[in-house]
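> here is a sequence with its predicted model. Questions after.
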Amino acid sequence: MAKIAFIGLGVMGYPMAGHLQREGHEVCVFNRTAARAERWVGQFGGRSAATPREAAQWAEFVMCCVGNDDDLRSVVLGEDGALAGMQPGSVLVDHTTASAQVARELAVCASERELGFLDAPVSGGQAGAESGSLTVMVGGDPLIFERAESILATYARMVRLMGPVGSGQLTKMVNQICVGGLLQGLAEALHFARSAGLDGMAAMEVICKGAAQSWQLENRHQSMLEGRFDFGFAVDWMRKDLGIVLDEARRNGAQLPVTALVDQFYAEVQAAGGGRWDTSSLITRLKDGALS
């Protein structure tokens, strides 16, 4: 069993850290809202720390799962950051969906302190975090990955090394491109079915057995038809992720016209007050959308 620090107890990090403690690892948590960390300790055991540095001082592995690049730098760098407390030979694993650039930046900082680093964003949402069935896409050195793989498998059904540092974040960008396009396609399909006088539910039950099948179709069509958007991954976070994708595309020359358009559509959902709705709320833009 390993000594692990887990930094960031949001909707993803809270259950992920819980799986580690249940598995028998010694877990110390840090969260900017201390009351949430104390609630986690009350539920799972383990202990909490007042700063990322304190949490990391004794850990073999330090896991981070925070909001964005700036949040990540704030808990990793600086006098009270995790790197300041980590011992040579320990490993920093970043589960934040962030830029490939910040992953490479932190890898350099870790290397200077003789620490390992992996960028390891996840997919599967809150439900996947709670059930321990996430997909983890990892960038980093193969030897460091080999050390961390069994730890990551505690809350995942798929863990794969994608290449050098930054490759995990780039793969998560591929994931978000697919998710955004699929949800817009599903929203338009449901809109078309209604406009054509079809039973939308029946249409989805039929086509999900054919070439149009996808996780989004199977898990979101009913709630979209019912106008329920109070669960899953929020629009605000998707816009953050798509901003990262589009910035990277400008650097590498990729052409993403559909992704750029979907990002604009999500901006319209935000403007309508739907920033905290889940990402399937794209259907509300269409004139027969459940909340239109």
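Perfect, thanks for sending it. Numbering: from 1, shown residues only.
> do a quick rundown of the strands in the chain.
3-7, 26-30, 47-48, 61-64, 91-94, 116-119, 122-123, 134-140, 156-163 (DSSP state E).
> what about the closest residue in space to I151 that isn't next to it in sequence, how many neighbours?
Nearest residue to I151 in three dimensions, chain neighbours excluded: F61, at 5.8 Å (CB to CB, 6 or more residues apart in numbering). All C-beta spots, glycine's among them, are computed from the backbone N, C-alpha and C. Close neighbours of F61, defined as other CB atoms under 10 Å, add up to 24.
> with the one 10 residues further on instead?
Under the neighbour criterion other CB under 10 Å, D71 is assigned a count of 17.
> contact partners for it?
G8, T96 (CB atoms under 8 Å, 6 or more residues apart in numbering).
> what comes up buried for the longest helix along the chain?
Counting residues, the longest helix found in the chain (DSSP state H) is helix 167-195. Within helix 167-195, the residues scored as buried using 16 or more other CB atoms under 10 Å are 167-173, 175-177, 179-187, 189-191, 193-194.
> and the closest residue to M162 other than its chain neighbours, how far from G210?
Closest residue in space to M162, ignoring its immediate chain neighbours: T171 at 4.8 Å, by CB to CB, 6+ apart. Separation of T171 from G210 (CB to CB, to the nearest Å): 27 Å.
> report pLDDT for the residue of the chain positioned farthest from its centre.
Within the chain, G197 marks the point farthest from the mean C-alpha position, 37.4 Å out by CA atoms, centre = their mean. On the pLDDT scale, G197 is placed at 96.
> how near is it to A203?
If you go by CB to CB, the gap between G197 and A203 works out to 11 Å.
> could you do Q270 as well?
Distance, Q270 to A203, by CB to CB: 29 Å.
> which non-adjacent residue is nearest the most centrally placed residue in the chain?
When the chain is reduced to its mean C-alpha position, the closest residue under CA atoms, centre = their mean turns out to be V122, at 4.7 Å. Excluding the flanking residues, the one nearest V122 by CB to CB, 6+ apart is L134, at 4.5 Å.
> residues in contact with the one you found?
L134 touches M16, V122, S123, G124, G128, Y155, A156, R157, M158, counting by CB under 8 Å, 6+ apart.
> now with 10 Å, please.
L134 is in contact with 12, 15-16, 19, 95, 120-125, 127-128, 152-159, counting by CB atoms under 10 Å, 6 or more residues apart in numbering.
> now those: which count as buried?
Taking 16+ other CB under 10 Å as the criterion, what is buried in the contacts of L134 is 12, 15-16, 19, 95, 120-125, 128, 152-156, 159.
> helices - which of the residues you listed land there?
Judged by DSSP H, these include P15, M16, H19, G125, G128, L152 as members of helices.
> pull the most distant pair out of these.
Greatest spatial distance among these (CB to CB): G125 and L152, at 17.0 Å.
> returning to that earlier point: from the ones in helices among the buried ones among the contacts of L134, which shows the smallest pLDDT?
G125 (91).
> walk me through the domains of the protein.
3-165, 170-285 (automatic domain parsing).
> so which of these is the most surrounded?
domain 3-165 (a mean of 20; mean count of other CB atoms under 10 Å).
> ok, L9 - contacts?
Contacts of L9 (CB under 10 Å, 6+ apart): 15-18, 29-33, 36-37, 39-40, 48, 65-66.
> no no, I144
Neighbours of I144 in contact, by CB under 10 Å, 6+ apart: V91, L92, V93, A107, A110, L115, G116, F117, L118, V138, L161, V165.
> and K240, by the same measure?
For K240, the contacting residues are G67, N68, D69, T97, A98, Q176, A234, by CB under 10 Å, 6+ apart.
> any idea how far K172 is from N68?
13 Å.
> so how far does stretch 40-60 reach from one end to the other?
From its first residue to its last, stretch 40-60 covers 21 Å (CA to CA, to the nearest Å).
> stretch 118-134 too?
OK, stretch 118-134 end separation, CA to CA: 17 Å.
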